[in-house]
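Trainee: I'll drop the sequence and a predicted model, then ask my questions.
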Amino acid sequence: MPSKQIIKPAKSAPAVGPYNHAVRIGDLLFCAGQIPLDPATGNLVAGDIKAQTERVLENVKTILDDQKLTFANVVKSTVFLTNLADFAGMNEIYSKYFTSDFPARSTIQVAALPRAASVEIEVIAHY
């Protein structure tokens, strides 16, 4: 059985709880859900769903970059929205990061997210 490797990119905002940014096991990378935290300040970014989605995906990109992966390596994503009416705005930004050979995806409306974020995205990537 492959060993578990904890991933904590130096350029990421600190985790807001008892979890890691990502865990690698074998040829899979499991990324924790990312919310729109500015890594420079640790604060939630201001703005609408598009601004928040962009920050979230930049945070995902930081984790992928740390592991020398790209969005093309992502095989599954899960999007959590506090308002499903934000789907179109989120999807507009999402489609700038995932441009072809899209991963499988689930999108779920939730009652609330940490720090009152409007969006959280988690991914699984393959090396």
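Mentor: Right, received. Where do you want to start?
Trainee: Read off the pLDDT value for P14.
Mentor: P14 is assigned a predicted lDDT (pLDDT) of 88.
Trainee: what's the neighbour count on it?
Mentor: P14: 10 surrounding residues under other C-beta atoms under 10 Å. Backbone N, C-alpha and C define where each C-beta goes, glycine included.
Trainee: what about it, which helix or strand?
Mentor: Using DSSP states H and E, no element contains P14; it sits outside every helix and strand.
Trainee: C31 versus that one, what's the distance?
Mentor: Distance of P14 to C31, given as C-beta to C-beta, to the nearest Å: 15 Å.
Trainee: repeat for F71
Mentor: Computed as C-beta to C-beta, the F71 to C31 distance reads 11 Å.
Trainee: Give the residues shared as contacts by those two.
Mentor: For the pair F71 and C31, residues contacting each of them under the criterion C-beta atoms under 8 Å, 6 or more residues apart in numbering are 60, 64.
Trainee: of the two, who's got more company?
Mentor: C31 (24 against 21).
Trainee: The more buried one is in contact with E120, isn't it?
Mentor: No: no contact is recorded between C31 and E120 when judged using C-beta atoms under 8 Å, the distance being 11.2 Å.
Trainee: got the residue ranges for the strands in this protein?
Mentor: Taking DSSP state E as the test, the strands found in the chain are 4-7, 22-25, 28-31, 74-81, 104-109, 119-126.
Trainee: so what does the second one touch, helix or strand wise?
Mentor: Secondary structure elements in contact with strand 22-25, counted by 3 or more C-beta pairs under 8 Å, 6 or more residues apart in numbering; DSSP states H and E, are strand 4-7, strand 28-31.
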